[in-house]
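S.K.: sequence and predicted structure are below.
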Amino acid sequence: MIDVQGLCFEYPAKRALDEVSFRIEPGTVTALVGPNGAGKTTLLRCLSTLEPPYAGRIRLDGIDVAEEPRRARRLLGFLDEFFGLYDDLSVLQSLRYWAAAHGIDDPGDAAARDVAARLGIEDRLSERAGSLSRGLRQRLAIAQVIIHRPRILLMDEPASGLDPEARAGLAELILGLQAEGMTIVVSSHILSELEDYSSHMLIVDRGRIVDHAATGARAVPAVAGRQVRLRVVLAEPVAGLEDALSPPPLGFEIGDVVADGEGRMARFEFAGTPRDQARLLEHQIAQGLPVASFAEDHSSLQDRYIETLRKGRS
Ligand code: ATP
């Protein structure tokens, strides 16, 4: 769905993206994270066709954005970090304008009213955009970029300025859009919130991708055999836990087992079916391992983010 190969972008005297390559699958929600100045905004602006890369290729749904930017834009909704609104237009007029700009025939303002309701601004339709508070402006901006139901939604810091209730609403909105089949990339520094709705995490540091993986925080829907990280905790320590767990003679593989020093806990990647997972647990118990807990490892995005950046810099 989003395929980026060898992307480089330079500002005068600054290479902001350096040989960036990744693929984002349809129907996923990717948290784009990284320290200040890492290149997140630049990457989103390249994906949205606003910045032409110096080298490399971006394909959205097979469309090369450099060759066919107008076609690519039809697939896209993009919320810029510093978006502008037409302050003299009312909320309804703003939404009508965006509907018209996308060629949507909107009799009775059905699309405009629907999207306003999704963002909780249906009672503000007659207010001037210029008189809205920071958070309400943010909600209007989000409504504008999804009114045409894009297949790909890119959002740069969408939660900034939103109150806690609206942030929870944003998480629900993102999950709802994902359920409708949208592919979503969200940049934010609020990792605890990204965790509520992201299926994947893409970490950028100093213009390079340093990690791209399923988060395990939210599964991609309906994927049998999706990769998860499992965590086994034992009631008492077992010497040589790595060897005791791997490889299971069950006709499927598991990833490298990483145990703690004491032999009480181990983690490994697993990509089998739920039935395979059950067989794996049966096997471990049959081997005599005192399994106290066997579950998906949901270590937080924050832990993984910090761990990855530290590893990359050491
Ligand atoms: P933040 O989390 O602070 O928003 P970011 O990850 O979005 O950061 P970018 O805004 O993409 O980072 O910036 C990447 C690098 O490019 C930074 O070193 C930044 O200083 C530089 N940069 C960004 N915009 C410009 C510009 N217009 N001219 C020159 N350098 C720029």
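M.R.: Looks like it came in fine.
S.K.: going by C-alpha atoms from here, please, whenever you check contacts or count neighbours.
M.R.: Fine.
S.K.: which of the helices or strands spans residue 35?
M.R.: Using DSSP states H and E, residue 35 maps to neither a helix nor a strand.
S.K.: burial measure for it, as a count.
M.R.: Using other C-alpha atoms under 10 Å, residue 35 has 13 neighbouring residues.
S.K.: so it touches residue 205, yeah?
M.R.: Yes. Look at residue 35 against residue 205 with C-alpha atoms under 8 Å: they come within range, at 6.6 Å.
S.K.: distance of residue 236 from the ligand?
M.R.: 44 Å (C-alpha to the nearest ligand atom, to the nearest Å).
S.K.: so what's the residue count around that residue?
M.R.: 13.
S.K.: ok, it touching residue 265?
M.R.: No. Judged on C-alpha under 8 Å, residue 236 makes no contact with residue 265 at a distance of 9.4 Å.
S.K.: so where's the protein uncertain?
M.R.: Along the chain, the model assigns pLDDT under 70 to residues 216-227, 298-299.
S.K.: what helix or strand is the residue in the stretch 51-200 of the chain that the ligand sits nearest to located in?
M.R.: The stretch 51-200 of the chain approaches the ligand most closely through residue 189 (7.2 Å), counting by C-alpha to the nearest ligand atom. Residue 189 is part of no helix or strand, with elements assigned from DSSP H and E.
S.K.: list the contacts for the residue lying closest to it once chain neighbours are set aside?
M.R.: Excluding its sequence neighbours, the residue lying closest to residue 189 (C-alpha to C-alpha, 6 or more residues apart in numbering) is residue 33, at 6.6 Å. Shown in contact with residue 33 (C-alpha atoms under 8 Å, 6 or more residues apart in numbering): 40, 187-189, 201-204.
S.K.: also residue 281?
M.R.: Counted by C-alpha under 8 Å, 6+ apart, residue 281 has contacts residue 294.
S.K.: can you get me a residue count around the residue of the stretch 51-200 of the chain closest to the ligand?
M.R.: Neighbours of residue 189 (other C-alpha under 10 Å): 17.
S.K.: quick one: contacts for the spatially closest residue to residue 126 that is not a sequence neighbour?
M.R.: Once flanking residues are discounted, residue 126 sits nearest to residue 90: 5.4 Å by C-alpha to C-alpha, 6+ apart. By C-alpha under 8 Å, 6+ apart, residue 90 lies in contact with 125-129.
S.K.: type out the ChimeraX command that picks the buried ones from those.
M.R.: Selection of buried members from the contacts of residue 90 for ChimeraX, criterion 16 or more other C-alpha atoms under 10 Å:
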select :125,127,128,129
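S.K.: buried stuff in stretch 21-36?
M.R.: 21-22, 24-34.
S.K.: can I get the CA coordinates of that stretch in PDB?
M.R.: Provided in PDB are the C-alpha atoms of stretch 21-36 (Å, rounded to 0.1, in the frame of the first residue of the first chain):
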ATOM      1  CA  SER A  21      13.000   2.300   2.800                       C
ATOM      2  CA  PHE A  22       9.900   0.600   4.300                       C
ATOM      3  CA  ARG A  23       6.500  -0.900   3.300                       C
ATOM      4  CA  ILE A  24       3.200  -0.300   5.100                       C
ATOM      5  CA  GLU A  25       0.500  -2.900   4.600                       C
ATOM      6  CA  PRO A  26      -3.100  -1.900   3.900                       C
ATOM      7  CA  GLY A  27      -5.500  -1.600   6.800                       C
ATOM      8  CA  THR A  28      -2.700  -1.000   9.400                       C
ATOM      9  CA  VAL A  29      -2.200   2.000  11.700                       C
ATOM     10  CA  THR A  30       1.400   2.900  12.000                       C
ATOM     11  CA  ALA A  31       2.800   5.100  14.700                       C
ATOM     12  CA  LEU A  32       5.600   7.200  13.300                       C
ATOM     13  CA  VAL A  33       7.900   8.100  16.200                       C
ATOM     14  CA  GLY A  34      11.300   9.500  16.800                       C
ATOM     15  CA  PRO A  35      13.100  12.300  18.600                       C
ATOM     16  CA  ASN A  36      12.700  16.000  17.700                       C
END
